[in-house]
Structure formats: structure tokens, C-alpha cells
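S.K.: Coordinates for the following, if possible.
(3 chains, ligands or ions: 1)
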Amino acid sequence: MQAEAKHRPNLLGAGGWFWAGNYKMERYLYTLHRVTGLGILLFGIFHLIETTFFRRQGESVWQMTTGFLKQPLFEVGLILVAFAFVIHALNGLRLILQEFGITLGKPKRPVYPYQDALRRKRGYTMLAIAVIVILLLVFLLNRLVGGG
Amino acid sequence: MAEHASKVTFRVQRYDPEKDSQLHMQEFTVPTKRGTTILDGLIYIKENLDSTLAFRTSCRMGICGSCGMLVNNYPHLACHTQIEEFHSNVITVKPLPNAPIIKDLAVDLMPMFDRHKSIKPFIIRNDEDEMAKPTREYEQLPDEVEAFEQFSYCIKCGICVSACPTSASDAKFLGPQALGQCYRYCADSRDAGAKERLEIADSNHGAWHCHLAGACSEACPKGVDPAFAIQLLKRKMAVQSLGGGRKEKPAEIYPPPTETKPKIQVPPFTVKK
Amino acid sequence: MFRTRLRLLFLLSAVGTAVFLGIHMAVQHLNNVLATGELDPTSWASTIGRATQSGWVVIYILLLVFALYHALYGLRGIILELTTSEKALRAVNWLFIVGGVIVFIWASYVPLALMSSR
Ligand code: FES
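M.R.: Prediction:
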């Protein structure tokens, strides 16, 4: 046991959420899911403060607040939050289905070259991504139609 | 095909707990030909260039799970991976991440083995007498074997744990290896221990901290697909937590014990001895 | 199976959040594409217009419940993956339970008060 104390810890830590080797797409979807989730949460905190404390103070304060928030920086942030929502919601839906093995098929005897269930049924993941991209474009279109 | 000998550079991560405070890379030139594996290269280095290089190997045929390491930033079994595959003259070899380094490329897999043990990786039954002194086989149909067979090929090399993002930050996380094996035993029709095992997987650092990044299954050198097993485990847990779950009994012994009929009485001898 | 039940609630609240936040997002971000006739959904008139309709208030409160649980349980999971300390985890548990209840009461009181004051 004494010798064990000398072993050099080699956990990748939170950095390992982002990179641990050259893996395929799904591992980065995981990262994206986490980042978008945290982003929405951060926005949600400010949003709750805005819509409770500020709104309660009546029309003029509200108009001042929304007026202040009509800056390119916040506008871009708002679009990013909408994008994050689309990504998180649809990727989350995919995850819920896959987490219960619904779209993953049945266990099979491994035959070389091995292919795992997630890659065998990647079509569902690609479908989710396609819907995400279309919705992102719709959200973007709304901005363009509205003149920004 | 012509055997063409060439040379590749091995960049190997070194760390000697007695001497080094930092990890560092060391370069070696290794002759290769068609079919040379990463392990062959390391053995060449150890025999000819630097005998202090430490790595672990045993079967050199992808069966013992000793030689997992990070080769060109992807985990491989060194014995199972040919240098040719990389189409590169430089091969970077590092120890598997997410496991403590003992020396150079040898990592400590004990934490993983402990987690593996914690999920009770054996058939649990209620007929203790039969388990202790088996009289017959347990009945199992081909379909029932297929439900877990894939997951039973695990060689405990630690590659899935090195790939997993949750294992990267959470030292207590059961990890793809243990959770995959947890399902392997729960899915076995001979087993009656699902209830206790699912409780273990239900712990704070258990199955629900798998977020299906799928890297474990991608990297698994045996095609075990631990990510798939964990998702099926989650389904089992969800069903059980809602009061469902397997109601039928685990497989019976086969052929079933029968009452032995009394032997037919031999008629008495009619001829006097 | 306690954590599995919590986790199932987490997934249920994910679906709930997706639905109600989807409605919210459509109103706020798709006003032109869907031709809702709303020029600026964040204007005072527009927000108060919604705040006085009980249907909208119900939607917002349901969104609050689902999103709050989903967010706090999700964040707890992430924190749990960063620390092995049981003490820290217990502190986070209580902080989130108490904090969650306070935020819920406050953030559902505001629209209700706004609605009843009109
Ligand atoms: S030496 Fe046994 S798996 Fe590579």
C-alpha cells in the first residue's frame, strides 16, 4: 500500500470532458450538450432576475431594462441562447431515446471489424442533427425577416 | 507481398517515480516491417535501446488486457495494433489516461478492478446447495445467451475507462467497465442477483452519470460495447424503479431432477445353487 | 432505486421544459416566421398582455417547475462529477433544495401577483 502512494495520478479532470483522444462525433455532442445546458442555466438566472425584480418595478423600469439590453452584444447572446435551447432540447430528446436503448437495436455477437450500437444506428443521431440544423436556420431566418 | 523494412520513431512518455518529478517524452528509432506491432516496437526498445522502459504485457494476442495504452492519441492494445495502421513515421505512446501511472507506460488498474468487484460480477442464485455442489447444468437457450454474450468478452484492459469523460473527472464513478459488467450479469437468465446489483448501480456515482458519449464502445478493442450495455442497464433500472421487472424465476437446472422409480425386483432364482 | 426515480423525474422535466420552453421560444424568437403579429414580444404591452391571461401564467409556472428541477438536478450531477467529497455533495443537495423552493415561490408569486393586480 505504501508504494501506491507514489503512483502518479493521471485523471484528465474536467479537461477530459472536452478531449481525451481522437474520438468520433458523439463524444463531442456530449460536450456540446453540457456546454449548452450550462449556458442556458446562466442565462436563465439573469432572465429570472430581469422578469421578476425588474418587471415588478413597472413599465418605465422595464423599458429601461429592455432598452439597455438592445445592444449588439446582448442580441447576439440572445440568439446564442435560442440556438443552445434548440441543440440541447433535440439532442436531449435523442439521448433520452438512446439512453433507454430504444433506438439501439439488440446485442449482437461481436464480429471483426467491431461496430457498436451507437454507430450501427447512427442514422437516428444524424436525423436529430438534421432537425437541429433546420430549426437553427428557422430561428436565424426569423431574425433576418425581422430586420435584426 | 514484399517485406519492406523501414524505421519509425517511437515517442514514448517516460516517468520514473524514483527519479522524475515530471513526465517527459523520449524518442527511439525502431526498425519495422510488415506486421510489426506497437508491442513489438516496445519490446525492441527494451531489449536493444533502453532496458529501463516499463510497460505491461503478457499474452501478446489481445486476450489478457495488459497492454492498453494511448497510441497516437487513441487507446489501443499494443499487441493488437500494427505500426502500419498509422501510416506515419512517428508513433507517440503514452499510458492510458484516468488510471494512476506506476512507471512509464504501466498504469495501476487496481481501482478499476475494485469497482468491478463492487458490482458482484458473478452469478448469484438462491439455490446455494446446487451452487456449492453442482449436480447438473443450468438451462439456457441460445437467445438467452445472446442477450449478454457480447458483454462477456470484456478483458478488463481499462481502455473504456480511459475514454470516458465522466471517469475523467469523477474518481468514484463506477465506469463503463464495471457498469457494462453489471448489466452482463443482470441480463444472464441464470442469475437472480439483479436486485442487489441494480441498487449498486443506482448509487451517487453510478449508472446515471453515463451520458452516452459513446467513446468507451468506440475504443473497446474487443467489441464489447459497454455504452450499449449501460443504456440497457438504465432501462432495467427504470423499469425496476417503477415496480416492473423480471418476475419469472432464474433458469432451472437441466435436465430437471426426476424421482427415481423403485427398481424392478429381480425374481428369485429358481435353480438351486 | 431512489436516484433512478429522481433521474426519471429529471428526464420527465426535460420533456416538460422542452415543450413549454419551446412555446416560450416560439413566441419570443419566431414572431416573424410564424406571423404572430407581435412586433416586439419583449415590449411592456406585450409581456403584460400575456401576464394577465391565466393560460399564459399556467404555462410560465409549469415551465418554471420543470426548468428549475431540470437545471438544478443537472447542475448537481455535474458538480457531483467534479468532486468526490460527500460533504460537498450534501451541502449542494441542501443548497439546491432550499434555493430551488425559494426561487419557485418567488418566481411564481410575481406573475400571479401581476395577474391579480390587473
Ligand atoms: S499483451 Fe495481452 S492483450 Fe496485449
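
S.K.: pretty sure residue B:9 is in a strand, no?
M.R.: Yes: assessed by DSSP: H, G, I helix; E, B strand; the rest coil, residue B:9 belongs to a strand.

S.K.: And the pLDDT for it?
M.R.: pLDDT recorded at residue B:9 is 96.

S.K.: just residue B:273 next, same as before
M.R.: We note a pLDDT of 65 for residue B:273 in this prediction.

S.K.: ok, and what's touching the helix or strand of chain C with the lowest mean pLDDT?
M.R.: The helix or strand of chain C with the lowest confidence, counting by mean pLDDT, DSSP states H and E, is helix C:44-51 at a mean of 85. By C-beta atoms under 8 Å, 6 or more residues apart in numbering or on different chains, the surrounding residues in contact with helix C:44-51 are A:55, A:59, A:62-63, A:66, C:27, C:38, C:40-41, C:56-57, C:111, C:114-115, C:118. C-beta here means a position set from N, CA and C on the backbone, and glycine is covered the same way.

S.K.: And residue B:189, how far from residue B:196?
M.R.: Per C-beta to C-beta, to the nearest Å, residue B:189 is found 17 Å from residue B:196.

S.K.: Can you show me the strands along chain A?
M.R.: In chain A, no strands are defined using DSSP state E.

S.K.: Looking at it, which helix is longest?
M.R.: helix A:72-99 (DSSP state H).

S.K.: Could you list the contact residues of chain C toward chain B?
M.R.: C:1-5, C:7-8, C:77, C:80-82, C:84, C:89 (C-beta under 8 Å from any C-beta of the partner chain).

S.K.: In contact with residue A:128, which residues are there?
M.R.: Counting by C-beta under 8 Å, 6+ apart, residue A:128 touches A:90, A:91, A:93, A:94.

S.K.: what does residue A:39 give?
M.R.: By C-beta under 8 Å, 6+ apart, the contact set of residue A:39 is A:80, A:81, A:84.

S.K.: Report the buried members of those.
M.R.: Buried members of those, scored by 16 or more other C-beta atoms under 10 Å in any protein chain shown, are A:81, A:84.

S.K.: quick one, helices of chain C?
M.R.: Assigned helices in chain C, in chain order: C:2-29, C:44-51, C:54-82, C:86-117 (criterion: DSSP H).

S.K.: elements contacting the longest one?
M.R.: This means helix C:86-117. Counting contacts by 3 or more C-beta pairs under 8 Å, 6 or more residues apart in numbering or on different chains; DSSP states H and E, helix C:86-117 packs against helix C:44-51, helix C:54-82.

S.K.: any idea how far residue B:127 is from chain A?
M.R.: According to C-beta to the nearest C-beta, to the nearest Å, residue B:127 stands 27 Å off from chain A.

S.K.: State the number of residues packed around that residue.
M.R.: 13 (other C-beta atoms under 10 Å in any protein chain shown).

S.K.: Disregarding residues adjacent in the polypeptide, which is nearest to it?
M.R.: residue B:253 (7.9 Å; C-beta to C-beta, 6 or more residues apart in numbering or on different chains).

S.K.: what does residue C:72 give?
M.R.: Nearest to residue C:72 is residue C:96, by C-beta to C-beta, 6+ apart, at 4.5 Å.

S.K.: again with residue B:38
M.R.: Going by C-beta to C-beta, 6+ apart, residue B:38 has residue B:78 as its nearest residue, at 4.1 Å.

S.K.: got the contact list for the one you found?
M.R.: Counting by C-beta under 8 Å, 6+ apart, residue B:78 touches B:37, B:38, B:39, B:42, B:55, B:57, B:67, B:68, B:69, B:71, B:93.

S.K.: How about residue C:61?
M.R.: C:108, C:111, C:112.

S.K.: residues near the first one, how many?
M.R.: By that I understand residue C:108. Neighbours around residue C:108, by other C-beta under 10 Å: 18.

S.K.: didn't it look like it was pressed against residue C:63?
M.R.: No: using C-beta atoms under 8 Å, residue C:108 makes no contact with residue C:63, being 10.3 Å away.

S.K.: which parts of stretch A:53-64 are buried?
M.R.: Of all the residues in stretch A:53-64, those buried under the rule 16+ other C-beta under 10 Å are A:55, A:62.

S.K.: Next, the buried residues of stretch B:148-158.
M.R.: In stretch B:148-158, counting by 16+ other C-beta under 10 Å, buried: B:148, B:149, B:150, B:151, B:153, B:154, B:155, B:156, B:157, B:158.

S.K.: Okay, the fifth one and residue B:115: tell me how far apart.
M.R.: Looking back up the chat, that one is residue B:153. On the measure of C-beta to C-beta, residue B:153 and residue B:115 end up 19 Å apart.

S.K.: The third one too?
M.R.: Using C-beta to C-beta, one gets 21 Å for the distance from residue B:150 to residue B:115.

S.K.: picking that back up, quick one: buried ones out of the contacts of residue A:128?
M.R.: Among those, those classed as buried by 16+ other C-beta under 10 Å are A:90, A:91, A:94.

S.K.: Quick one: residues contacting the last one.
M.R.: Meaning residue A:94. A:124, A:125, A:128.

S.K.: who's in contact with the second one?
M.R.: Going back to what we said before, that points to residue A:125. With C-beta under 8 Å, 6+ apart, residue A:125 has these contacts: A:25, A:26, A:29, A:94, A:98, A:118.

S.K.: nearest to the ligand, of these?
M.R.: residue A:118 (24.2 Å; C-beta to the nearest ligand atom).

S.K.: And the closest one, what's its pLDDT?
M.R.: Model confidence at residue A:118 (pLDDT) stands at 92.

S.K.: pretty sure it is touching residue B:228, no?
M.R.: Yes: counting by C-beta under 8 Å, residue A:118 does reach residue B:228; the two are 7.1 Å apart.

S.K.: count of neighbours near residue B:265?
M.R.: Neighbour count for residue B:265, taken as other C-beta under 10 Å: 6.

S.K.: Quick check, pLDDT for residue C:35.
M.R.: Reported pLDDT for residue C:35: 79.

S.K.: scratch that, residue B:268
M.R.: Reading off the model, residue B:268 has pLDDT 81.

S.K.: Ok, residue C:118 next?
M.R.: 67.

S.K.: Please give me every residue in contact with residue B:77.
M.R.: B:62, B:65, B:67, B:68, B:157, B:159, B:221.

S.K.: now those residues in JSON lines, with pLDDT and distance to residue B:97?
M.R.: Output for these, formatted as JSON lines (pLDDT from 0 to 100; distance: C-beta to C-beta, whole Å):
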{"residue": "B:62", "pLDDT": "94", "distance to residue B:97": "21"}
{"residue": "B:65", "pLDDT": "95", "distance to residue B:97": "17"}
{"residue": "B:67", "pLDDT": "96", "distance to residue B:97": "16"}
{"residue": "B:68", "pLDDT": "96", "distance to residue B:97": "11"}
{"residue": "B:157", "pLDDT": "96", "distance to residue B:97": "13"}
{"residue": "B:159", "pLDDT": "97", "distance to residue B:97": "10"}
{"residue": "B:221", "pLDDT": "95", "distance to residue B:97": "16"}
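
S.K.: Noted, bye for now.
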